[in-house]
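A.B. asks: build me a model from this:
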Amino acid sequence: MPRAEFSALSLAEKNTYLQGLAEAFAAQQGREHRILDKDALSRLRRYYSRRVWADLKLADGPDNDLNRALRRLGETIRDADVVVDVRAALMQELPPQKILRNAPDDDAQFMFFVPTVYDAPIKDDVHLMDVAPFALGKTARFGVIRYELKDSLITIEGGYETGLATVFDYDIFLNMVSYLAEEVRRYRLETEKGLRPSLPAKVYRPSVAHILKFCRREDGGRQYEEVEAALRRLGMTTITVTNTAGGKRREVDTRPLIGEYRVVSKTAKGKVDEVEITIPDWVYLSVVKADKTLPLLTINPDYFLISSGLGRFVYRLARKAAGKGSATYSVAELKKRSGSHRDLRKFIYDLKDLVARTHAFPMPDYDLELVEQRGGPALTMRYRELERAPDRKPKKARDLEALPLLAAGQES
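C.D. replies: Residues are numbered from 1 along each chain as shown. Alright, predicted model coming up:
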């Protein structure tokens, strides 16, 4: 609302307008909404009354081209200043943005099954949880991401038309790996019983509804379109690993995030209903041909609720590096491993904002803290020990593992 209109309101009307503005701002920013108190309303009203250069009384001057241009410029500056000031004030008055988005309405039914979520397998001593094999944003990013690690060079390339897979597209990859791990677990159980089961199939055929449920997303029409677009980006994104150990450079391999995919069926309304994904060899062989222990790390199902790409990257790195302990990385190293295209100053700002928000809304499993070191700021990621009630015995890991995942295509 322009300041002239705001000034003409009564005190009660101003307060009502500001309460509505705060509610809309909280919804837009993903922040918790709360009713503004008397002091907060007073501060916000003052922001609307601030005087700026644009308040020069140009109306009394001659009506010529110069003064008309100055009046238009003054109004533009005044409106822009009001927007900036009020936005900054609302950021201060409202609680910080949550780390986790709200779970879908039917999420409780899904969580009853306690699914085990796995990330990428280790291959050639390279673990993709050390870096971000995707773009951190929610929209497609074009170009190439290169990671120079101690003994390897990792290059992530996307398709010319599709761009790189995003951190949110990667949820489908996690679903695929978790499905395969569950199939291997069942295969081994049947083998131990003396049965002769077939090896898990290399083709995974889930319904889109199952993918959305596994990734803890709403089951809406737009989500179906986004799954199909995500599959296109995943299919075109490749990872090339070059081993640089001993000073010699030799290409290890180039691996896709997923193999071929195709839409198997659509609904009567034209929405994608069921898809078929070919599991790439590097994933399939690493999991199926593994010895007793699968070369996989589990991740907390709440990972899917982390709303920011940077937050998801930090969680994956903490899970790999800190485990049940702690790990510290310099901010410069974090930026390098994240593949972020933002400059270091803006990356530090984003990281500080993330850490501050975790103090109000904790990250799953890990506490984050920025510390100062000789080389500059660093991030410490520390596993959070859960306190258990003394009169309750924790479930054994194998009891949890015995609970089934939703079968591919199952919706309830």
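
A.B. asks: care to break this structure down by domain?
C.D. replies: 3-93, 107-401 (automatic domain parsing).

A.B. asks: could you pull out the strands in this protein for me?
C.D. replies: Applying DSSP state E to the chain gives strands spanning 117-118, 144-148, 152-157, 203-204, 238-243, 250-256, 261-266, 272-278, 298-299, 326-330, 366-373, 376-383.

A.B. asks: identify whichever of the ones you listed lies nearest to Arg342.
C.D. replies: Set against Arg342 and scored by Cβ to Cβ, these come closest in strand 144-148, at 13.1 Å. (Each C-beta comes from the backbone N, C-alpha and C, glycine too.)

A.B. asks: what number of residues lie near Gly20?
C.D. replies: Using other Cβ atoms under 10 Å, Gly20 has 10 neighbouring residues.

A.B. asks: could you do Leu231 as well?
C.D. replies: Leu231: 23 neighbours (other Cβ under 10 Å).

A.B. asks: my read is that it contacts Glu276, right?
C.D. replies: No - between Leu231 and Glu276 there is no contact under Cβ atoms under 8 Å: 10.1 Å.

A.B. asks: so what sits against both of the two?
C.D. replies: Overlap of the contact sets of Leu231 and Glu276 (by Cβ atoms under 8 Å, 6 or more residues apart in numbering) consists of Tyr261.

A.B. asks: related to what we said a few turns ago, any idea which of the strands of the chain scores lowest on pLDDT?
C.D. replies: Mean pLDDT per stretch puts strand 250-256 lowest among the strands of the chain, at a mean of 79.

A.B. asks: could you list every helix and strand in contact with it?
C.D. replies: Counting contacts by 3 or more Cβ pairs under 8 Å, 6 or more residues apart in numbering; DSSP states H and E, strand 250-256 is packed against strand 238-243, helix 281-288.

A.B. asks: swap the cut-off to 10 Å and go again
C.D. replies: Applying 3 or more Cβ pairs under 10 Å, 6 or more residues apart in numbering; DSSP states H and E, one finds that strand 250-256 makes contact with strand 152-157, helix 221-236, strand 238-243, helix 281-288.

A.B. asks: for that strand, which strands pair with it and how are they oriented?
C.D. replies: Using DSSP bridges, strand 250-256 pairs in its sheet with strand 238-243 (antiparallel).

A.B. asks: let me know the angle separating the strand it pairs with from helix 281-288.
C.D. replies: Using axes from the mean of the first three to the mean of the last three Cα atoms, to 10 degrees, the direction of strand 238-243 lies 70 degrees away from that of helix 281-288.

A.B. asks: show residues contacting strand 238-243.
C.D. replies: 120, 123-126, 128, 131, 133-134, 144-149, 151-159, 165, 249-257, 280, 282 (Cβ atoms under 10 Å, 6 or more residues apart in numbering).

A.B. asks: give me the below-cutoff pLDDT ranges for the stretch 151-300 of the chain.
C.D. replies: The model of the stretch 151-300 of the chain has pLDDT under 70 over residues 246-251.

A.B. asks: got the domains of the chain as JSON lines, with distance to Leu100 columns?
C.D. replies: As requested, the domains of the chain are arranged in JSON lines below (distance: least, Cβ to Cβ, whole Å):
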{"stretch": "domain 3-93", "distance to Leu100": "10"}
{"stretch": "domain 107-401", "distance to Leu100": "4"}
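
A.B. asks: deepest of those, which one?
C.D. replies: Stretch with highest mean neighbour count among the domains of the chain: domain 107-401 (a mean of 17; mean count of other Cβ atoms under 10 Å).

A.B. asks: next one: that one to chain centre, how far?
C.D. replies: Distance, stretch centre to chain centre, for domain 107-401: 10 Å (Cα atoms, centre = their mean, to the nearest Å).

A.B. asks: give the contact list for the one residue sitting closest to the centre of the chain.
C.D. replies: Nearest residue to the geometric centre of the chain (Cα atoms, centre = their mean): Gly309, 3.4 Å. Contacts for Gly309 were tallied using Cβ under 10 Å, 6+ apart; they are 132, 134-138, 166-168, 170, 338, 340, 350.

A.B. asks: pick out whichever of these sits closest to Leu18.
C.D. replies: After measuring the contacts of Gly309 against Leu18 - Cβ to Cβ - the closest member comes out as Asp350, at 28.5 Å.

A.B. asks: just the pLDDT at the closest residue to that closest one other than its chain neighbours, thanks.
C.D. replies: Leaving out its chain neighbours, the residue that sits closest to Asp350 by Cβ to Cβ, 6 or more residues apart in numbering is Leu310, at 5.7 Å. Leu310 is assigned 95 on the pLDDT scale.

A.B. asks: swap in Ile348?
C.D. replies: Reading off the model, Ile348 has pLDDT 93.

A.B. asks: pretty sure it sits against Leu370.
C.D. replies: Yes - counting by Cβ atoms under 10 Å, Ile348 touches Leu370, with 8.9 Å between them.

A.B. asks: residues shared between the contacts of the two?
C.D. replies: Joint contacts of Ile348 and Leu370 (Cβ under 10 Å, 6+ apart) are Val331, Pro377.

A.B. asks: coming back round to it: just put the strands of the chain in a markdown table and tack on distance to Ser178.
C.D. replies: Compiled in a markdown table, those are given as follows (distance: least, Cβ to Cβ, whole Å):
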| stretch | distance to Ser178 |
| --- | --- |
| strand 117-118 | 5 |
| strand 144-148 | 24 |
| strand 152-157 | 22 |
| strand 203-204 | 10 |
| strand 238-243 | 19 |
| strand 250-256 | 18 |
| strand 261-266 | 17 |
| strand 272-278 | 13 |
| strand 298-299 | 9 |
| strand 326-330 | 24 |
| strand 366-373 | 21 |
| strand 376-383 | 22 |
